[in-house]
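A.B. asks: Mind looking at a prediction? Sequence and model below.
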Amino acid sequence: MFEDINSGDGGIYAELLQNRAFQQVTPNTTAALYAWSAINGARINVIADPSPISSALPNSLQLIIPQGTSGQVGFGNEGYYGIQVNSEWTYNASFYYKFSAASSFDGAATVTLQSMGETYATASVPISGSQTAWKQVAVSLTPTSSPASTANNFTVTFDGSNAAGQTIDFAMFSLFPPTFKDRENGLRIDLATTLSEMKPSFFRLPGGNNMEGQTWATRWQWNVTVGPLVNRPGRMGDWGYVNTDGLGLLEYMYLCEDMEIEPIMAVWAGYSLNDESVPEDELATYIQAAIDQINFVIGDPATNEYAALRASLGHPDPFRLTYVEIGNEDFFGSESYIYRWRDFAGILRAAFPHLRFIATTYPFNPVLNPAPELYDNHVYSTPDYFVENAFYYDAYERNGTYYFQGEYAAISTNAADVFGSNGRLMYPTVQSSVGEAAYMIGFERNADIVFATSYAPLLMNVANYQWSPNLVAFDASRVYPSTSYYVQQLFSTHRGTEYLPSKLPTYNATLYWSVTRDTTLRNVYIKVVNYDAVPASMTFALPFEVSSAGLVTVITGSADASNSPTTPDAVVPTTFKMTFSQTFNYTAPAYSVSALTAYLV
Ligand SMILES: [NH3+][C@H]1C[C@H](O)[C@@H](O)[C@@H]1CO
């Protein structure tokens, strides 16, 4: 499950410059210069440009080089809480510039990656005072070393002795490192690789709260997140910072394509986080926007203008799409969802009969028409809750309705105030991840009605975050997979194609297991969850023969152990050879998740 909670900008979206285009800021304020700073006496200010680079980007950075300055004068950007400088990488830097008034200046800008005066990479860009219209310039930067620290800056400076007195406007900066699959405007390689190594099947986007907007006007709107970056205005996201929307709908689709997974794509459904619902007689505009969004993803360029837009952006073929979610957590707006679902699902089902639409209220509460085929359930609670409710789906009625556990995580040890700060987990712990695993065993046992599941939220920038815990933490140079990440990965890579019934302990036990079989690979997977503080010895009697050689992968550690920037590898999976027979013993360590792999003979 993905949404931008300090996880897109400055996270998986590989742009390295923060506040790169001065989107959604108030000109002539200090705040508008966030992440930028003047160098050696330069004067910089964000202005409402009288001739802006685009209507989407009305602001520009104005540099004034005062008379009498000498040495390198200009400005720098600190990145998203740091910039990783890697000598194995070539960085692509670009910006637009113009002179608001023609001048005789004919010089160059020096573009660098540097720290405290040490320059790691530098390039020169010709700058001409005759350039009164916006001109984009681009350079590549190849560092000569890789400093351990990420306290580095991107800088643009001029030789003060010959640039004194000049006023130059700048817009739409960008600095990219190499990206995942070399995709232009793409993803940070280490984060995307970490997600890909979980072998996920789908990617839910674009949220979550961050799709909804605090108001209707600030909702996520697909059409302003596609096309040239200079035409993307960005928006104030729902987690307290401006989203550049450089990671837009097309980038999300490329993410799915490059990771060989499919999107579960949400459409805005007329409800914003200020608890305001669009009245039924005003829904048509938003339903059409949803139709256009879906056509952008799967439409025929020959017959639909938004599909033609997709083709013009380089992807004439439709993307994979099966599941479309109508809204997010509409149990907060369930009364209006009765008509919002009726109209959205009614019209979208007719327009796209092969797609499957997911409702986001509580199942059957309120009663919805048309009856949803799919519901998205969310649950955040304590580790104990997940163990005590490991049979949550067993009691669900089998009535042709299927469930997406779209968000779940053990986030606190304080049952009295799960979302509060007291008892809240900063990072998953072994105990919280083992608790989640007990619940996940229940997903497998009930796979006849649970068709998809995803931990949430996914990514956290440890330098600036609004939610904890998350599956994967990161900073400007490193990724910190959590204990829950390894549990997700273990379940995902030991999935099987069929569930083999077995007699589980009674409710509120501490020991859970599942037996699945992959009929293609002819593997048998036995996942064992021990939530007890002592090891659990077990005997398995299989109804079929297996070869003696097999493997077991175990995630275990002290209950409150976490992977974090200070203890990145406190708990990692370990794999051992294991001897199997049709009847065999296994001892599950205290607080552990094990995946046993045996091979059918
Ligand atoms: N409040 C959670 C529920 C919402 O859908 C997400 O945006 C939040 C974090 O995963």
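C.D. replies: Cool, the structure landed.
A.B. asks: Please count neighbours and contacts with C-alpha atoms only from this point.
C.D. replies: Noted.
A.B. asks: wait, doesn't residue 316 sit right on residue 308?
C.D. replies: Yes: the criterion here is C-alpha atoms under 8 Å, and residue 316 meets it with residue 308 at 7.3 Å.
A.B. asks: what do the two both touch?
C.D. replies: Here residue 316 and residue 308 share the contacting residues residue 301, scored by C-alpha atoms under 8 Å, 6 or more residues apart in numbering.
A.B. asks: What number of neighbouring residues does residue 502 come out with?
C.D. replies: 12 (other C-alpha atoms under 10 Å).
A.B. asks: what's it in contact with, if anything?
C.D. replies: 514-515.
A.B. asks: start the count at 16, not 1, going forward
C.D. replies: I'll keep to 16 as the first residue from here, and by that count the last item is residue 517.
A.B. asks: Please identify the helix or strand for it.
C.D. replies: Using DSSP states H and E, residue 517 maps to neither a helix nor a strand.
A.B. asks: Quick check: pLDDT value at it.
C.D. replies: Per-residue confidence (pLDDT) for residue 517: 86.
A.B. asks: Quick check: pLDDT value at the closest residue to residue 288 other than its chain neighbours.
C.D. replies: Nearest non-adjacent residue to residue 288, counting by C-alpha to C-alpha, 6 or more residues apart in numbering: residue 229, 4.6 Å away. On the pLDDT scale, residue 229 is placed at 98.
A.B. asks: next helix or strand past the helix or strand in which residue 554 is found?
C.D. replies: Per DSSP H and E, residue 554 falls inside strand 551-556. The first helix or strand that comes after strand 551-556 along the chain, using DSSP H and E, is strand 564-571.
A.B. asks: how far out from the middle of the chain is that following strand?
C.D. replies: 30 Å (C-alpha atoms, centre = their mean, to the nearest Å).
A.B. asks: Stretch 589-608 too?
C.D. replies: 34 Å.
A.B. asks: mind listing what's buried in that stretch?
C.D. replies: 595-596, 601, 603-608 (16 or more other C-alpha atoms under 10 Å).
A.B. asks: how much space between the residue lying closest to residue 331 once chain neighbours are set aside and the ligand?
C.D. replies: Counting by C-alpha to C-alpha, 6+ apart, residue 331 lies nearest to residue 325, which is 6.3 Å off, once chain neighbours are set aside. Using C-alpha to the nearest ligand atom, to the nearest Å, one obtains 27 Å as the distance from residue 325 to the ligand.
A.B. asks: before we move on, back to that, any chance of CSV for the buried residues of stretch 589-608, columns pLDDT?
C.D. replies: Formatted as CSV, those follow (pLDDT from 0 to 100):
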residue, pLDDT
595, 97
596, 95
601, 97
603, 98
604, 98
605, 98
606, 98
607, 98
608, 98
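A.B. asks: of the residues you listed, closest to residue 277?
C.D. replies: Using C-alpha to C-alpha, residue 608 comes nearest to residue 277 of these, at 27.5 Å.
A.B. asks: Give the full set of residues in contact with the closest one.
C.D. replies: 449, 452, 502, 542-545, 569-571.
A.B. asks: What about these, which are in strands?
C.D. replies: 542-545, 569-571 (DSSP state E).
A.B. asks: which among those residues end up buried?
C.D. replies: By 16+ other C-alpha under 10 Å, the ones in strands among the contacts of residue 608 give 542-545, 569-571 as buried.
A.B. asks: Out of these, name the two that are farthest from one another.
C.D. replies: Taking C-alpha to C-alpha, no two of these sit farther apart than 542 and 571, at 13.3 Å.
A.B. asks: The residue nearest to residue 288 belongs to a strand, doesn't it?
C.D. replies: No: secondary structure of residue 229 (DSSP: H, G, I helix; E, B strand; the rest coil): coil, not part of a strand.
A.B. asks: where does the nearest residue to residue 493 once chain neighbours are set aside land in three-state SS?
C.D. replies: Nearest residue to residue 493, sequence neighbours excluded (C-alpha to C-alpha, 6+ apart): residue 205, at 7.8 Å. On the three-state scheme (three-state DSSP), residue 205 is labelled helix.
A.B. asks: Would you mind measuring from residue 205 to residue 245?
C.D. replies: For residue 205, the distance to residue 245 (C-alpha to C-alpha, to the nearest Å) stands at 27 Å.
A.B. asks: Kindly report the same for residue 155.
C.D. replies: 20 Å.
A.B. asks: between the two, which one's more packed in?
C.D. replies: residue 155 (19 against 15).
A.B. asks: Do I have it right that the more buried one meets residue 138?
C.D. replies: Yes: using C-alpha under 8 Å, residue 155 is in contact with residue 138, at 7.4 Å.
A.B. asks: for the record, mean pLDDT for the longest helix anywhere in the chain?
C.D. replies: Among all segments of the chain classified by DSSP state H, the helix with the greatest residue count is helix 349-366. If you average the pLDDT over helix 349-366, you get 98.
A.B. asks: Ok, stretch 520-529 next?
C.D. replies: pLDDT averaged over stretch 520-529 gives 84.
A.B. asks: which residues are contacting it?
C.D. replies: Contacts for stretch 520-529 (C-alpha under 8 Å, 6+ apart): 402-406, 453, 456, 459-460, 514-517, 519, 540-547, 551.
A.B. asks: Just the CA atoms of that stretch, as CSV, please.
C.D. replies: What follows is stretch 520-529, C-alpha atoms only, in CSV (Å, rounded to 0.1, in the frame of the first residue of the first chain):
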residue,chain,number,x,y,z
PRO,A,520,-4.9,-24.9,18.2
THR,A,521,-7.9,-23.2,19.8
TYR,A,522,-8.4,-19.4,19.9
ASN,A,523,-6.1,-17.2,21.9
ALA,A,524,-3.3,-19.7,21.5
THR,A,525,0.3,-18.6,20.9
LEU,A,526,1.1,-21.1,18.2
TYR,A,527,-0.2,-20.8,14.6
TRP,A,528,0.8,-22.5,11.4
SER,A,529,-0.3,-22.9,7.8
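A.B. asks: Residue 252 against residue 260, yeah?
C.D. replies: No: applying C-alpha under 8 Å, one finds residue 252 not in contact with residue 260, separated by 9.6 Å.
A.B. asks: In contact with whichever residue of the stretch 416-565 of the chain sits closest to the ligand: list those residues for me.
C.D. replies: For the stretch 416-565 of the chain and the ligand, the shortest gap (C-alpha to the nearest ligand atom) falls at residue 472, measuring 4.5 Å. Residues in contact with residue 472, defined by C-alpha under 8 Å, 6+ apart, are 16-18, 422, 482, 484-486.
A.B. asks: Quick one: name the residues of the stretch 266-415 of the chain near the ligand.
C.D. replies: 343-344 (C-alpha under 6 Å from any ligand atom).
A.B. asks: nope, the stretch 466-615 of the chain is what I meant
C.D. replies: 471-472.
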